[in-house]
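Asks: This is the structure alone, sequence omitted:
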């Protein structure tokens, strides 16, 4: 079992919501990614989603596209990111780490090699944005062999039939896309998220986190009220991008996560 | 090996051509693709839909396009007889319109009101803007900023046709990035929008339906060759960017074992320089833009920049069916460099009075080499996929002439 299921169990027992920040590995640099990961945990993150940069990030809005481009300028690779997770594990054995990215870097490394290296590094979950369950059987088998959870997306366009199909293959948690659009979009509709959440809960007991368009305490608390956790991506990445790139300034970007943590805990308490 | 395969039975029900193809997209688009597949599956065998498509091809596009015996060029080449399938004579000047007519009819039957498209050379953008104008739909065309500069004439044509051209500034600012941006738009406006993909790539069912719409090229060519010469050709030659004109020509001949097929990729400055757009020749399998296929990528699985003098071939991937035909050996894939394509462009213009697109010039250049090795009684059909007017600016620039 990965660290994800016990993490969600503990959160449920304590009546808390999961706070899941997303950063792109290597943005602004690989050297700063490690302290940034530890700082996010210190500010109250429960799970870290680490973006694996790709040259053609089709599902991303402009903020995260640019983060991918910045990381790739430094030659960040999937292998280097696995090393980063292994470094992180030296000082943090508890916080689940999920790699989020696109199929091709994983295809290139090979599913089996990727799964064993990810396990050795201490990765808990993998979310391949452009690999729906229909194409994921082989990767899923490799990940399952290493007790790594394969995390899938559900979207407002997903039919009930597909919710059942996706849930059957999913592990760890379900990542619910809040809106029709790309990451960082501004059109989140909380009522629509609630409707979708009811449809998802009818098919699975897996925890559900919601992402896309959650940018501050208000959107986070509104959405968290109807799910198990929230993912904060573009809002955090844009703060990292706006910093001057020095370590103190980059770490200062995480105050967003601290503020959202406080708001979420107020909600739960 | 190729004999055992029934090519008409592919893709399989999951959209795969052997290990290639498939549907690698984010969850938000899965239902839209299911919906498209269901609509296409029912319409492709609907006699009314087929009649409507055929009528448009005849009366709006001007089909059938001629199969022209390039007698003078054949004489100069000194080998096999070269026939040109004149897709350049279609309305809008290229083969692209065969597909946009088909997809626009699908969009109409599905009740969609907004068309989006990606474009490289601008031919597919123009063909999409054209059908959108005719059906009264709004049209947004995504085009890499680099290509917007290279193809200013087509950009203005699209604007005159009422389309909005959106320059894409991300990544390498060419066709692949335009496709990324079109996907992002589609995911955002998935309810009312139909994405007209211009080539036989993308997630299932696009490689299948674009192929089916383009197969009119090969069906006509096969019949015309039989009518005009009394026999089948010995070889087919077509350029391959995404590969829609090539698959359109090749597919109806796949069961004819005596017919050799050559897909010509863009060799750019030469495959050995790394500055080319020849994934089948020098790439490896991977996943991009919704399908598994041969790609130009680095050791980390990042897509690398391509180069070709022709914007329409400047793409790091290729349609999945071509990857499969390469592996099975049924079709062979070769390269022609920028300078060879430019020579063919000039030569056909001077010798036959036909100005080919730079894309098609790659096929012409290879056909000339190939024909020279063949007997005089043998027949080569080249797909002249588009006309060269759009490239005059590029050629003038190479000649050091500034057109205003």
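Replies: Right, received. Where do you want to start? None of these values were measured; they are calculated from a predicted model. Numbers count the residues shown, from 1 in each chain, chains lettered A, B, ... in the order given.
Asks: which residues does residue 151 contact?
Replies: By default, I'm working from chain A. Residue A:151 sits next to A:98, A:125-127, A:170-175 when contact means CB atoms under 8 Å, 6 or more residues apart in numbering or on different chains. No exception for glycine: its C-beta is placed from N, CA and C like everyone else's.
Asks: my question was about chain B
Replies: B:121-122, B:143, B:311, B:390.
Asks: could you redo the last one with a cut-off of 10 Å?
Replies: Applying CB atoms under 10 Å, 6 or more residues apart in numbering or on different chains, we find residue B:151 in contact with B:119-123, B:125-126, B:143-144, B:157-158, B:311-312, B:390-391, B:393-394.
Asks: and the most centrally placed residue in chain A, what element?
Replies: Centroid-nearest residue in chain A: residue A:49, 3.4 Å away (criterion: CA atoms, centre = their mean). Remark: residue A:49 resides in strand A:48-51, with elements defined by DSSP states H and E.
Asks: what's the offset of that strand from the middle of its chain?
Replies: Taking CA atoms, centre = their mean, to the nearest Å, one finds the center of strand A:48-51 at 5 Å from the center of the full chain.
Asks: Could you do stretch B:36-49 as well?
Replies: The answer for stretch B:36-49 is 22 Å, by CA atoms, centre = their mean.
Asks: for residue A:231, helix, strand, or coil?
Replies: Following DSSP: H, G, I helix; E, B strand; the rest coil, residue A:231 is assigned to strand.
Asks: Which members of the contacts of residue B:151 are positioned in helices?
Replies: Within the contacts of residue B:151, residues falling in helices by DSSP state H are B:123, B:125-126, B:157-158, B:393-394.
Asks: before we move on, the earlier item: close to chain B, is the strand holding residue A:49?
Replies: No. If you take CB under 10 Å from any CB of the partner chain as the test, strand A:48-51 misses chain B, and the best it gets is 14.1 Å.
Asks: about what we covered before: possible to save the ones in helices among the contacts of residue B:151 as CSV with distance to chain A, pLDDT and neighbour count?
Replies: Below are the ones in helices among the contacts of residue B:151 laid out as CSV (distance: CB to the nearest CB, whole Å; pLDDT from 0 to 100; neighbours: other CB atoms under 10 Å in any protein chain shown):
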residue, distance to chain A, pLDDT, neighbour count
B:123, 23, 89, 28
B:125, 20, 96, 32
B:126, 25, 96, 28
B:157, 28, 95, 21
B:158, 23, 97, 27
B:393, 28, 88, 17
B:394, 26, 90, 19
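Asks: Just the buried residues of the strand ranked longest in chain A, please?
Replies: Taking DSSP state E as the criterion, chain A has its longest strand at strand A:18-24. Using 16 or more other CB atoms under 10 Å in any protein chain shown as the burial criterion, the residues of strand A:18-24 that qualify are A:18-24.
Asks: now residue 193, nearest residue through space, not along the chain?
Replies: I went with chain A, as the question did not name one. residue A:178 (5.2 Å; CB to CB, 6 or more residues apart in numbering or on different chains).
Asks: looking at chain B here, not the other one
Replies: Closest to residue B:193 by CB to CB, 6+ apart is residue B:114, at 4.6 Å.
Asks: ok, the one you found - how many residues close by?
Replies: Residues lying near residue B:114 (other CB atoms under 10 Å in any protein chain shown) number 17.
Asks: Need the three-state assignment for the residue in the stretch 201-350 of chain B positioned nearest to chain A.
Replies: In the stretch 201-350 of chain B, no residue comes nearer to chain A than residue B:301, which is 3.2 Å away by CB to the nearest CB. Three-state assignment for residue B:301 (three-state DSSP): coil.
Asks: and if you look at residue A:123?
Replies: Under the three-state scheme (three-state DSSP), residue A:123 adopts coil.
Asks: ok, now residue A:127?
Replies: Classified using three-state DSSP, residue A:127 is strand.
Asks: Enumerate every residue touching residue 49.
Replies: Since you didn't name a chain, this refers to chain A. A:20-24, A:96-100, A:125, A:127, A:151, A:175, A:209, A:211, A:231-233.
Asks: that's the other chain; I wanted chain B
Replies: Contact analysis of residue B:49 by CB under 10 Å, 6+ apart lists B:39-40, B:42-43, B:102, B:105-106, B:109.
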